[in-house]
Each structure stands twice: as structure tokens, then as C-alpha cells.
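In: Sharing a sequence plus its predicted fold:
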Amino acid sequence: MNIAIIQISETGKDIAILLQQELGATIIKRSNVGIQWKKYDAFVFIGAMGICVRTIAPYVNDKHEDPAVVCVDSMGLNAISVLSGHIGGANNLAHEVAALIGAREVITTQSDNAGLWALDTFAERFHWNIASDDDMNECIFAFVSCKPTALLMDICDEGTDYLEKTLPEHVTIVKSLEEVDPEKFSLFIMVTPYNLCAPYGVLELHFVPMIASLGFGLAHHPDDYEYIYDEIDEAMSQIGVLPCYKRYCTIDVKQDEEFCEMLVDDLGEELVFYTAEQLAKVEVPNPSTTVEKHVGTPSVCEAAAILGSNNGKLIVPKMKGKNWTAALAIPYENLRERTGHIEIVGAGPGDPDLVSVRGRKMLERADLILYAGSLVPKTLTECHKPGAVVRSSADMNLEEQCALMKQFYDQGKYIVRLHTGDPCIFGAIQEQMAFFDQNGMHYHITPGISSFLAAAAELQSQFTIPERCQTIILTRGEGRTPMPEKEQLHLLAKSQSTMCIFLSASIVDDVQKELLMEYPEDTPVAACYHLTWPDQKIYRGKLKDLAKIVHDNHLTLTTMLVVGEAIDNRQGLSELYSKHFTHLFRQGDDEQAS
């Protein structure tokens, strides 16, 4: 936000300076508020409320146009949202200002104080468009008055997740328009890309989620390119689909077309190009030999839509206009209909609090949670919804795991395959993904926090030391799984980088022998057992004693071995704060955060 600060009294000078620095704001004179009323997104007055109100009164017009106004008393005790609380963002700004100065935020908006949804903020907050004819204020009044409200959600995204979790008592979720009985409901809220209308006598608030990818093809340099944008929208509306495009997608040979330039330069749309080779790999319902002859792929619009939606579902197949073709696809993860989906989730190192926010949401949504029971604590699955099936894969072979997931998938269920740490590091997902690909099953990966990151945290060590060690090697010793010749431990050890060795406690004697070929025998080591689990144990020592540490403490495969001088090293860190790096901090970039 572009924020102006008005310091009314000398007492509030320190507050004004602090807010100027923290908010990137500009301090202006009170006499300039009128001439700069349209220039700023928000004004923060520091002083008496009465002076604040008298100053802004001549310029207040409409909540959709007025800037946010917050008033802070000169002692810094209260941060009060004065004007444009929701639409303008004054409520959020009051919250932020209060946190900066340790004040009490004062919000008078009824929906906030009643714990109800701020309906007029949803469009901006969740990147939704509004397609309702009914007055927003009427809808808000009915909602905050707790009139019976029906809620229809045809898709899944951040916004609908929020609505489900915070559902007020007077709101009922419906699955179809037929359930919206005018005798039962006064307000109908819907989140859908489809053109639906509330029954007569029911107020309607229609949010259109911008989640789809529109793939398009063009004739060569069409003369009517300026009209194609509206023509596609009109064609979609005729089949009941509203403009819900998150991005436009097409073949890269169209980069210089005037229509593409208009999309980006004039309309500010996101535009993605794909090569003919990429498009040709996508199976589509309406391939064309003519298209393939001219551009090298049997499909442009359908294939581009599918690729742009992360291999999602084609909900509008190829449509033809005078000089264009278009198709629409939605990511499978956003579909609420009964279409199977598999989410491979990284569980983190073990502590349930260390699974990602996204991963937690997936677990809460899942119909089936199949977790790696020998490596993932069952407590991670306790957030499951009622009726969900939770199974450990510890005693299942690959075929049994895949069969169970396909069983639920074929029923249109949402499946979470929960793997330890991050699935890409010594995981077991490659074979599963091959099965999914072979059976045309849709899946996505949610990354997790690897145990090597947990090791650094629990060892209170920075694994990269300026001018000493700038590389971290993630590897394993050679056990039943052979190692490539070029990745033998003694070869990797030549760099004397920080080395994190997975799955190797059972062959620690061989590991120590190979490491000692390059590392000094007094190099610090740590054996980290069950990182972040309740029974976590960490043993420190020297490389020459690594095998003894592991054997004496009966450590198992769930042990991370760390070697390198970065362990417990406190030397060299001050270099980040030397004169050579001060420019980074002046710009507000902390290199350590990277």
C-alpha cells in the first residue's frame, strides 16, 4: 500500500518515524491531505480522532473509492480503523500498525466482531471475480443479520477451504442449485465458474474463481484480432461457462501475433507458450491432421489448455471461431466433482508441526491417507476428517499399495500418499509415479522438510560457512543398493563439504572407512536419531569414533549421519556482517534467509 502518515501532535513524532520506516510510508502535512486524497491508498493519522475525522470529512465519497484511514492516538495505545475497513483495507492496516507499536487494534465492523465472513473482501483476497447482479450491500446485510444462507462450491481452492473451515451456523452447504429452496434461504452464495442463477426471491452473490487455463489457436495474423478476446468470452458464456481464466496458453510460433501482444501489453493477462514437441505429447479428444501439418502438433488449443492446467481436466473441448480455436481446462486439484486425485505429500522429519501448511490441508481433505508407517509417525495423520481411511504401508508391497490407491481413485476419492521428509530425497515415489502414469491417474507432489534440514536445526549449526564450506552433500553409503562408481563416498569426501548421509547406520563401519580416506580423523560428526520425534537423540563426536558412537547406542536406519567442520562452528559467521555485505542489509535482504 502507498501510505501517508499525518503527525498531528509533536507527541506522536516517534510513532510517525517508526511507521514511516516499517511501512515504507511518507510523512505529509495535514494541510495536504485534500490535494493528495487520491494519491495514497491509506492515511494514518497520529493524534486525536476528532481532528482526523474533521480533516477527511470533506473528501469522503464511496467505500469502493476512498482510501483506508487509520487513527493512532499520540500515546500509541490504540490503532483505530476509521474508514474503508474492508474494501480499502483499513482493518488490516489497523491490525498491522497495532502490531508494530504494541497498541490495541479497534475494529468496529460488525462482521469482524461477530466472527463472520467479510464478503466484500473475498474477490481480492482469493482472486475471484464477482458475477452477481444483486447489490453487495444487500447481500452483506442479509449475511451479517444471520439470514439463512445457502453455499454452493463447485471448485476447491484456498478460498473454499477457508469457507469450509469457518462455516457460520446460519450457512448450509448445498451440492446443486435444486437444493436452494426460496422458502428456506434468503441468500445464495456460490463459488463456481458456471453461469447459475439463484431462484426468484433469493439474493445472489456469485464468485467466479480464476483457476482455469484457456488454450487457444490463431489463424495467421488475423485482421480481427482485437475482437477475438470478447468472442471467446461470448462463446464460453453461450455454453454456460464464465470467464475464469488464470492464464492463456498457446504454441510458441504465435509469439509475434498482435493478439498475443494485446493480451500481455494491453490487458495484462498471463500468457504461456509451449513448443510443438511439448503439445504433441498431450492426448486430446480432437486432434487435427491439418494442424499437425502446419505447426507440427495435432492439437494447439486443447493441448495448451491441458498443459497450462498442470495436466488438468478439459472442461470445454475445442471451440471454433472465425479465426481462432479455444479450449478450457481446470487443474484436477481444483475440481470438487468426483474425480480421483493423488497428492504425494512430504511429511517432514517427524514432528507433526513441521509438515507444511499445504500438506496439512491435503491431509485434512483426504479420503484415504496411506502413510509410510515405519518412517512416519501416525500422529501426523490424526488431523484426518471423519470417515477418512488411514492405512500404514509398512506391511504392504508396492503392488498392494498401488492397488489400494487405485481402488479409491476409481471411486473419485482424494488420496494422500504420505512419505517421510521430502519425497524427492531417497523417497520411493518413482515406481508409484510410473504406475500412476501407466494408468492415467492424476497426481501432484507437495514438498516437505527434509531431515537434513532438521539436523542443522537441532545441531544449531549453519551447514555453510563463508570461505570454509559452501556445499552440502546429500548421499548414502553403499549397502544393498549399489552406488554409482562416480558417487562413492571417498570421492565425494574429497571436497570436505558438509555431508549428510542417509540410511547408512547399519553400514557405519564402511562409511567411516571411506570418509577417513579424505576427512581428517578429528572432523566433527553427529549421529542424529529420530530427528524431531519425541525420542530424538543426538550424539556428537569425531570422525574416528563415528562407528563406535553408532554401535554403542544401538542406532538404527532412522539415523542421519552428519560430518564436516560446519558442525558447531561459530567461526567465520561475522563475515556476513562485514563492510562487504552492508549493502545487502540496507536493501533489506538478509543473505542468511536464502
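Out: Now that the structure is in, tell me what you want to look at. Numbers count the residues shown, from 1 in each chain.

In: and stretch 9-29, which residues are buried?
Out: By neighbour count on 16 or more other Cβ atoms under 10 Å, the buried set for stretch 9-29 is 12, 15-16, 19-20, 23, 25, 28. Yep, even glycine has a C-beta here, placed from its N, CA and C like the rest.

In: among these, which are in helices?
Out: Among the buried residues of stretch 9-29, the members found in helices (DSSP state H) are 15-16, 19-20, 23.

In: returning to what we had before: need the buried residues of stretch 9-29 in CSV with pLDDT, can you?
Out: Output for the buried residues of stretch 9-29, formatted as CSV (pLDDT from 0 to 100):
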residue, pLDDT
12, 90
15, 94
16, 94
19, 94
20, 94
23, 94
25, 94
28, 93
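
In: quick check, nearest of these to residue 116?
Out: residue 23 (28.3 Å; Cβ to Cβ).

In: Which residue, neighbours along the chain excluded, lies closest to the closest one?
Out: residue 3 (5.2 Å; Cβ to Cβ, 6 or more residues apart in numbering).

In: Equivalent analysis for residue 528, please.
Out: residue 560 (4.4 Å).

In: Check which helices and strands the helix or strand harbouring the one you found is in contact with.
Out: Using DSSP states H and E, residue 560 sits within strand 559-563. Applying 3 or more Cβ pairs under 8 Å, 6 or more residues apart in numbering; DSSP states H and E, we find strand 559-563 packed against helix 451-458, strand 498-502, helix 508-515, strand 524-529, helix 546-552.

In: One more pass at 10 Å, please.
Out: helix 451-458, strand 472-476, strand 498-502, helix 508-515, strand 524-529, strand 537-542, helix 546-552 (3 or more Cβ pairs under 10 Å, 6 or more residues apart in numbering; DSSP states H and E).

In: With respect to residue 263, which of those lies nearest?
Out: helix 451-458 (40.5 Å).

In: how far away is residue 351 from residue 463?
Out: 20 Å (Cβ to Cβ, to the nearest Å).

In: higher neighbour count, these two?
Out: Set residue 351 next to residue 463 and count neighbours by other Cβ atoms under 10 Å: residue 463 wins out with 22 against 18.

In: Who are the contact partners of that one?
Out: 452-453, 455-456, 469-472, 497-500, 562, 564, 566-567, 569 (Cβ atoms under 10 Å, 6 or more residues apart in numbering).

In: Separate out the buried members of those.
Out: Using 16+ other Cβ under 10 Å, the buried ones in these are 452-453, 455-456, 469, 472, 497-500, 562, 564, 566-567, 569.

In: Count the residues that sit near the closest residue to residue 506 other than its chain neighbours.
Out: Nearest residue to residue 506, sequence neighbours excluded (Cβ to Cβ, 6+ apart): residue 557, at 6.0 Å. Neighbourhood size, residue 557 [other Cβ under 10 Å]: 13.

In: quick one: residue 557 from residue 191, how far?
Out: From residue 557 to residue 191 the distance is 46 Å (Cβ to Cβ).

In: now do residue 306
Out: Taking Cβ to Cβ, one finds residue 306 at 23 Å from residue 191.

In: same thing with residue 50?
Out: 42 Å.

In: okay, those two: which has more neighbours?
Out: Between residue 50 and residue 191, residue 191 has the larger neighbour count (other Cβ under 10 Å), namely 23 against 9.

In: was I right about the more buried one contacting residue 336?
Out: Yes. Counting by Cβ atoms under 10 Å, residue 191 does reach residue 336; the two are 9.4 Å apart.

In: Need the overlap of contacts for the two.
Out: Common contact partners of residue 191 and residue 336 (Cβ under 10 Å, 6+ apart): 152-157, 160.

In: Give me the buried entries from those.
Out: Applying 16+ other Cβ under 10 Å to these, the neighbour count classes 152-157, 160 as buried.

In: quick revisit: let me know the closest of the buried ones among the contacts of residue 463 to residue 180.
Out: Nearest to residue 180 among the buried ones among the contacts of residue 463, with distances taken as Cβ to Cβ, is residue 453, at 48.7 Å.

In: mind listing what the closest one touches?
Out: 348-349, 354, 421-422, 463, 472, 500, 531.

In: same check, this time on residue 341
Out: Neighbours of residue 341 in contact, by Cβ under 10 Å, 6+ apart: 156, 331-335, 362, 365-367, 409, 412-416, 441-444.

In: Show me how to select, in PyMOL, the buried members of those.
Out: Buried residues among the contacts of residue 341 (16+ other Cβ under 10 Å), as a PyMOL selection:
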select buried, resi 156+331+332+333+334+335+362+365+366+367+409+413+414+415+416+441+442+443
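
In: I'd like the list of the contacts of residue 341 that fall within helices, please.
Out: Judged by DSSP H, the contacts of residue 341 include 362, 365, 409 as members of helices.

In: can you put those in TSV and add distance to residue 278 and pLDDT?
Out: TSV is the format used below for these (distance: Cβ to Cβ, whole Å; pLDDT from 0 to 100):
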residue	distance to residue 278	pLDDT
362	28	90
365	30	86
409	26	93
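
In: quick one: which of those residues is nearest residue 208?
Out: The closest of the ones in helices among the contacts of residue 341, once distances to residue 208 are taken by Cβ to Cβ, is residue 365, at 22.3 Å.

In: Against residue 407, how distant is that closest one?
Out: Taken as Cβ to Cβ, the span from residue 365 to residue 407 is 18 Å.

In: Over to residue 434?
Out: Distance from residue 434 to residue 407, by Cβ to Cβ: 18 Å.

In: before we move on, what about residue 323?
Out: 47 Å.

In: In terms of neighbours, single out the busier of the two.
Out: residue 323 (18 against 13).

In: Tell me which residues touch residue 558, please.
Out: Residue 558 is in contact with 349-350, 374-375, 420, 451, 502-503, 505, 528-531, 533, counting by Cβ under 10 Å, 6+ apart.

In: want to throw those into CSV with distance to residue 215?
Out: Compiled in CSV, the contacts of residue 558 are given as follows (distance: Cβ to Cβ, whole Å):
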residue, distance to residue 215
349, 41
350, 43
374, 44
375, 41
420, 38
451, 41
502, 42
503, 43
505, 51
528, 48
529, 51
530, 48
531, 45
533, 47
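
In: PyMOL command to pick out the buried ones of these?
Out: Command for PyMOL that selects the buried part of these, burial taken from 16+ other Cβ under 10 Å:
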select buried, resi 349+350+375+420+451+502+503+505+528+529+530+531
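
In: Need the worst-confidence member of the contacts of residue 558.
Out: Minimum pLDDT across those is recorded for residue 374, with 79.

In: and it, what element?
Out: Per DSSP H and E, there is no helix or strand for residue 374.

In: Contact partners for it?
Out: 392-395, 420, 557-558.
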